[in-house]
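Peer 1: with the input below, show me the fold.
(one chain, ligands or ions: 1)
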Amino acid sequence: MSALKLFLNEQVQVFWQNAWDAACKIGNNPELGYEEFFAVETLSQLLKEHGFEIECPVAGMDTAFVARFKGYRPGPRIALLAEYDALPEIGHGCGHNLIGVASVGAAIALSKSLSLPGEVWVIGSPAEETSGGKVTLVEEGIFQDIDVAMMFHPGSQNVAEISSLALDALEFVFLGKAAHAVAAPLYGVNALDALIDFFQRVKVLQRELNDGYINGIITEGGISPNVIPERAVARFYLRARQRKVLERLRKKVLRCAQDAAKAINGKVTWSKFEHSYDEMRTNTALAQAFVKNLRELGVKYISPPQSALGSVDMGNVSQVVPAIHPYLSLGNGVYIPHTRNFAKACLSSSGRELLLLAMQALAYTGWDVLNDEDLLERIKGEHKSKS
Ligand SMILES: [Zn+2]
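Peer 2: All right, here's what the predicted structure looks like:
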């Protein structure tokens, strides 16, 4: 291990207890998306104490922030992403209390090197679980001058190369005409009939698909059985491995909705009820650098590349800047994300150990990107070639 990595390791070790305290405080005070004021205050306080300049709010979000630390010579600019939102009822069942602190800890360790080149940013991104704060951060150009972005996520195994699904969240509103259901049914136009017809058509479409997932629920289906429903509403998540496949799928689903509306002489409108997520495009060169560091840190089991069946807002970041979203195993990997047990484990010695490993691996990889010109060139070349 190079002298500088030994130095970074020392810094991480020194900060470990403070980092753990912060992870526990945030873990014991779970906050929902866009309400993470306590978490943002806790993280920015730490960064401020270590000389980072804080900008908050950013991109029109009260719980988004950017913390900057300038190095002592020219070089690239890296971003470590912090997440800190929790789940309703379950609290930090996705371990975001560890994610935020790990990125902060790695950034602080890097800032201690007097030969630090470039710039280290921590970008605080709210509401990962709900509407994806990173989507707004990307749209608002926060990543415009960033060379590389990274974070870690607690999971059930160690895996650096992942993909995730592109996702569209669509709401369909079918409109008909109300009338007495028995006395004057012919005067009515039944929006619920169209909605049910739409579900049937979508089911046929789903059977024909070899790439893509369609999942819908009815959120409004009329007000009284005595009245022909004039309005019926459904919400759908459409997912596919790639945005371009999803675009085609969306067109087909919209056609199903239009045909169903036409069949009753009614109308249908649609809109997005949450941000759209793009698929995660892991930068292989960057992921390999991360894996090399994990091995140096004594991690033996690293899983081959994996395609996840979920969606992450880091996907949108990975479309505009080379990025990784590795998972590191919490404990021995038996915990299932989005459960109370997972939240509990994040606050146990397993969480404490994982936090240390995440800070080390992120700090080392950050150092590699900032100092190894060949590596950065490979990372950027790969990103460009896949754009
Ligand atoms: Zn998560």
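Peer 1: which residue sits closest to V182, ignoring its sequence neighbours?
Peer 2: Closest residue in space to V182, ignoring its immediate chain neighbours: N226 at 7.5 Å, by Cβ to Cβ, 6 or more residues apart in numbering. No exception for glycine: its C-beta is placed from N, CA and C like everyone else's.
Peer 1: L167 pairs with what?
Peer 2: L167 forms beta bridges with R239, Y277, as assigned by DSSP bridges.
Peer 1: circling back to that earlier point, and the residue nearest to V182, how far is that from P326?
Peer 2: 56 Å (Cβ to Cβ, to the nearest Å).
Peer 1: tell me which of the two has more neighbours.
Peer 2: P326 (25 against 10; other Cβ atoms under 10 Å).
Peer 1: residues contacting that one?
Peer 2: Counting by Cβ atoms under 8 Å, 6 or more residues apart in numbering, P326 touches F152, H153, N158, V159, A160, E161, I162, A287, F290, A361.
Peer 1: with P322 instead?
Peer 2: By Cβ under 8 Å, 6+ apart, the residues touching P322 are D147, V148, A149, N283, A285, L286, I379, K380, E382, H383.
Peer 1: wait, which of those is closest to E31?
Peer 2: For these, the minimum distance to E31 (Cβ to Cβ) is 23.4 Å, reached by A149.
Peer 1: report the strands that pair with the helix or strand hosting the closest one, each with its relative direction.
Peer 2: Using DSSP states H and E, the element containing A149 is strand 148-150. Sheet pairing for strand 148-150, assigned by DSSP bridges, gives strand 73-82 (parallel), strand 323-324 (parallel).
Peer 1: mind putting those strands into CSV with distance to H275 and mean pLDDT?
Peer 2: Output for those, formatted as CSV (distance: least, Cβ to Cβ, whole Å; pLDDT from 0 to 100):
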stretch, distance to H275, mean pLDDT
strand 73-82, 16, 97
strand 323-324, 17, 98
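Peer 1: ranges for the helices of the stretch 51-200 of the chain?
Peer 2: 96-111, 133-139, 191-208 (DSSP state H, counting those that start in this stretch).
Peer 1: now do the shortest one: distance to the chain's middle.
Peer 2: For helix 133-139, the separation from the chain centroid amounts to 10 Å (computed by Cα atoms, centre = their mean, to the nearest Å).
Peer 1: skipping its backbone neighbours, what lies nearest L114 in space?
Peer 2: L114 sits nearest to Y72 (Cβ to Cβ, 6+ apart), 6.3 Å away.
Peer 1: pLDDT on stretch 216-230, on average?
Peer 2: Averaged across stretch 216-230, the pLDDT comes to 95.
Peer 1: start to end distance for it?
Peer 2: Terminal residues of stretch 216-230 lie 20 Å apart, using Cα to Cα, to the nearest Å.
Peer 1: tell me which residues in that stretch are buried?
Peer 2: Buried residues in stretch 216-230, counted by 16 or more other Cβ atoms under 10 Å: G216, I218, E220, G222, I228, P229, E230.
Peer 1: give me the buried positions along stretch 293-301.
Peer 2: For stretch 293-301, by 16+ other Cβ under 10 Å, it's N293, L294.
Peer 1: follow-up on the earlier one: tell me which of the contacts of P322 is nearest to F38?
Peer 2: For those, the closest approach to F38 (Cβ to Cβ) belongs to A149, at 24.9 Å.
Peer 1: shouldn't that closest one be in contact with A82?
Peer 2: No: using Cβ atoms under 8 Å, A149 is not in contact with A82; the gap is 11.5 Å.
Peer 1: picking up where we left off before, so how far is L370 from the residue nearest to L114?
Peer 2: For Y72 relative to L370 (Cβ to Cβ), the value is 11 Å.
Peer 1: right, and L4 touches S113 too?
Peer 2: Yes: using Cβ under 8 Å, L4 is in contact with S113, at 6.6 Å.
Peer 1: I appreciate the help and will end here.
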